[in-house]
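**Q** got a predicted structure plus its sequence, pasted below:
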Amino acid sequence: MLDILPQLLVNGIITGTLLAIPAIGFTAIFAVLRFPNFAVASHATIGAFAGYAANVWLGLPAELSLVAAFLVAGLVGVVSDEIALRPLRPYGALTTAIASIALTIVLENVVRLIFGNGLRGYDLPLVRDWRVWDIRIGPQQIENFALALILMAVVFAALRFSRIGKAMRAVADNPALAELKGIDPVRIGRLTAFFGMGLVGAGGMLLGLGTSIDPLTGFRFILPIFAAAVVGGLGSIPGAALGAMVVGLGEEVALLVLSPAYKSAVGFMAIVLVLTFRPRGLLGERAY
Amino acid sequence: MLSYLLATLTFAGIYGMLALGLNVIWGMTGMINLGLAGYFAVGAYASALLTTAAGLPILVGAAIGIAAAAVTGALTARLTLKLRGDYLAIVTLGFGELIRLIAANEIWLTNGSDGIPGIPGPFRSSLSPLEFNALFAAITVFAVAFCWALTERLRRSPYGRALRAIREDETAAAVAGKKVGAMKVQAFALGAALLGLAGVLYAHFTSYIAPDVFRPLLTIYIFLSLTAGGTGNPTGAVLGAVIVVVILEGSRFAEAILPAMSGAGAAALREITIGVLLIVIMRLRPEGLLAERPPKPLGATR
């Protein structure tokens, strides 16, 4: 049984890296806007389908389709936040969270109206899996892995060096002080909604590339995404990346003892364990 | 037609019961519960399994179903006592999904996604379908009326006042000497018991349950019921549930009039409508149709 462990570890690292993208989006939105945005489910689906439309209908390669996934999910994210969620934020984080579930149901069904309920697969070149020792790995997996790493590098560089990134961190750290320094919190909120949901959309497509997608794709990933963010520390961006790795590896290694059907329960168990023993997550709640 | 109306009344009652349960947890005590479909499922599955596989009488199954949901609720609250609301939102949502996963995968226990058929209903074999629907609608209405009276009385009692104090400011309530932790566990358990009772009613009325019944969408329906009716107010909870069921059933008739809107498209539109309504009501009338007013204390003369 342990002989499949290396394979599981490789799978886990790849899943963890892909999962980090939407988890960073979710946690960044939490850090700046201070509520758990359950609409990540529908935005991951929207990203996956926008990428599908670019890939299959327009015939673009996966890399360019990923850009489409980011842009469409980001735009829907900022517009829907502006219409549905921003006016509710004064009523508190929980009211906004409930509204975000309603929003996710609305958006998911809009996808259903456009694309129907059926399963859809991306148009990818068929290539044989590579075998290194006893580990099977697909070239597409490697490519997705590399794309996720590049996206993550861009996110970290942007947060560290760009004005917008610094402003986002400032608002996350202390909104009142940031506003005193002339940072417009509403503008930063919109940018965060755009980039955060863009990442969620790109992540939805990256996770969907390995399988087929349907309108519930995003919802299936919602527990691992939340788990990654909570394990790392809700609102902490490096935490989300670390948490995603923990959850990704945990999901795969758990296959040694659990049936695959319970993969998403691993995320839930990780949430409960971390909240019981380390309520602020592995890296605490500081944004960066 | 009469039979259909009675069935709709029963469903409205079940939704009303769910809204009453959520009202105790979220409306009165301010603990968010996005996994209410999970407690609904615990009640339904426990009672269904005990009356089919174990062959126990319906009343025993119902009592154990309610108790199982209450215990699950108490455990959830106990485990999450120190958590901030946003974490509780995530944990309860995960709990609801976990229950659905278990229901779908532990085939030896729950028959997986095929569900449990043939759940007995009271006197089902000796009554005509119409008579059965009438009897069950009466049982449901009675149960809802009873739980409405119970939670309304709770709301007017000093205990209810303490729960509201916890909702508004936990620290202040603790400073005032309220046992915040214990009261939160009790309120969550009571609310979960009502959710479980709704599950029991559902299982024995429809005679069939499957994991698909307990989708997160149900949670949205109930939050809409409570928010539309008036969060914190049991009367509002029941009223809101009736409105939601009328919308859901009414959209079926719209389907019949507009044949173009059929099947999956119609279901999608219905869900879009529900989601948009919830957001619009939260925006325009966050206190709901029947706003919560400070209740008159028990025994006060008018």
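**A** In hand now; what should we look at?
**Q** thought residue A:31 was touching residue A:237?
**A** Yes. Counting by C-beta atoms under 8 Å, residue A:31 does reach residue A:237; the two are 7.2 Å apart. Using the backbone N, CA and C atoms, a C-beta is placed for each residue, glycine as well.
**Q** please identify which of those two sits among more neighbours.
**A** residue A:237 (28 against 25; other C-beta atoms under 10 Å in any protein chain shown).
**Q** does that one really touch residue A:25, like I thought?
**A** No. Checked against C-beta under 8 Å, the pair residue A:237 and residue A:25 is beyond contact range at 9.7 Å.
**Q** surely residue A:107 touches residue A:43?
**A** Yes. With contact defined as C-beta under 8 Å, residue A:107 counts as touching residue A:43 (7.3 Å).
**Q** which neighbours do these two share?
**A** residue A:76 (C-beta atoms under 8 Å, 6 or more residues apart in numbering or on different chains).
**Q** and those two? which has more neighbours close in?
**A** Between residue A:107 and residue A:43, counting by other C-beta under 10 Å, residue A:43 is the more crowded of the two (34 against 25).
**Q** for that one, give me its contacts.
**A** Counting by C-beta under 8 Å, 6+ apart, residue A:43 has contacts A:73, A:76, A:77, A:107, A:197, A:200, A:201, A:204, A:218.
**Q** quick one, what contacts residue A:106?
**A** Neighbours of residue A:106 in contact, by C-beta under 8 Å, 6+ apart: A:42, B:271, B:272, B:275, B:276, B:279.
**Q** phi, psi for residue 30 please.
**A** By default, I'm working from chain A. Dihedral angles of residue A:30 (phi, psi; degrees, to the nearest 10) stand at phi -60, psi -40.
**Q** wait, chain B was what I had in mind.
**A** phi 80, psi 20.
**Q** all helices for chain A, in order.
**A** A:5-33, A:40-52, A:62-80, A:93-115, A:139-161, A:163-173, A:175-180, A:185-209, A:217-232, A:237-253, A:263-277 (DSSP state H).
**Q** include mean pLDDT and distance to residue B:154 when you put these into a markdown table, please.
**A** Converted to a markdown table, these look like this (pLDDT from 0 to 100; distance: least, C-beta to C-beta, whole Å):
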| stretch | mean pLDDT | distance to residue B:154 |
| --- | --- | --- |
| helix A:5-33 | 91 | 34 |
| helix A:40-52 | 94 | 35 |
| helix A:62-80 | 93 | 38 |
| helix A:93-115 | 90 | 22 |
| helix A:139-161 | 86 | 49 |
| helix A:163-173 | 84 | 40 |
| helix A:175-180 | 83 | 38 |
| helix A:185-209 | 91 | 40 |
| helix A:217-232 | 89 | 33 |
| helix A:237-253 | 91 | 40 |
| helix A:263-277 | 85 | 29 |
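**Q** so which of the ones you listed is nearest residue B:212?
**A** For residue B:212, the closest of the helices of chain A is helix A:217-232, at 13.6 Å, according to C-beta to C-beta.
**Q** would you indicate which residues of that closest one are buried?
**A** Under the neighbour-count criterion of 16 or more other C-beta atoms under 10 Å in any protein chain shown, helix A:217-232 has A:217-232 buried.
**Q** sec struct for the closest residue to residue B:110 other than its chain neighbours, please.
**A** Taking C-beta to C-beta, 6 or more residues apart in numbering or on different chains, and ignoring the residues beside it in sequence, residue B:110 has residue B:103 as its nearest neighbour in space, at 4.8 Å. Assigned by DSSP: H, G, I helix; E, B strand; the rest coil, the conformation of residue B:103 is helix.
**Q** contact partners for the residue lying closest to residue B:114 once chain neighbours are set aside?
**A** Excluding the flanking residues, the one nearest residue B:114 by C-beta to C-beta, 6+ apart is residue B:210, at 6.9 Å. Going by C-beta under 8 Å, 6+ apart, residue B:210 touches B:103, B:113, B:114, B:115, B:116.
**Q** just the buried residues out of those, in PyMOL syntax.
**A** If you want just the buried ones from the contacts of residue B:210 in PyMOL, going by 16+ other C-beta under 10 Å, the selection is:
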select buried, chain B and resi 103+115+116
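**Q** touching chain A at all, stretch B:174-194?
**A** No. Using C-beta under 8 Å from any C-beta of the partner chain, stretch B:174-194 stays clear of chain A, coming no nearer than 15.0 Å.
**Q** what's in contact with that stretch?
**A** B:17-18, B:20-25, B:28-29, B:31, B:33, B:39, B:66-67, B:69-74, B:76-78, B:81, B:147, B:151, B:154, B:159, B:162-163, B:165-166, B:170, B:173.
**Q** still on that earlier bit, quick one, which of the helices of chain A is packed in tightest?
**A** helix A:40-52 (a mean of 31; mean count of other C-beta atoms under 10 Å in any protein chain shown).
**Q** helix, strand, or coil at residue B:177?
**A** Reduced to three states by three-state DSSP, residue B:177 is coil.
**Q** what parts of the stretch 51-200 of chain A come near chain B?
**A** So far as C-beta under 8 Å from any C-beta goes, the stretch 51-200 of chain A lies against chain B at A:84, A:87-88, A:91, A:93-95, A:97-99, A:101-103, A:105-106, A:108-110, A:112-113, A:116-117.
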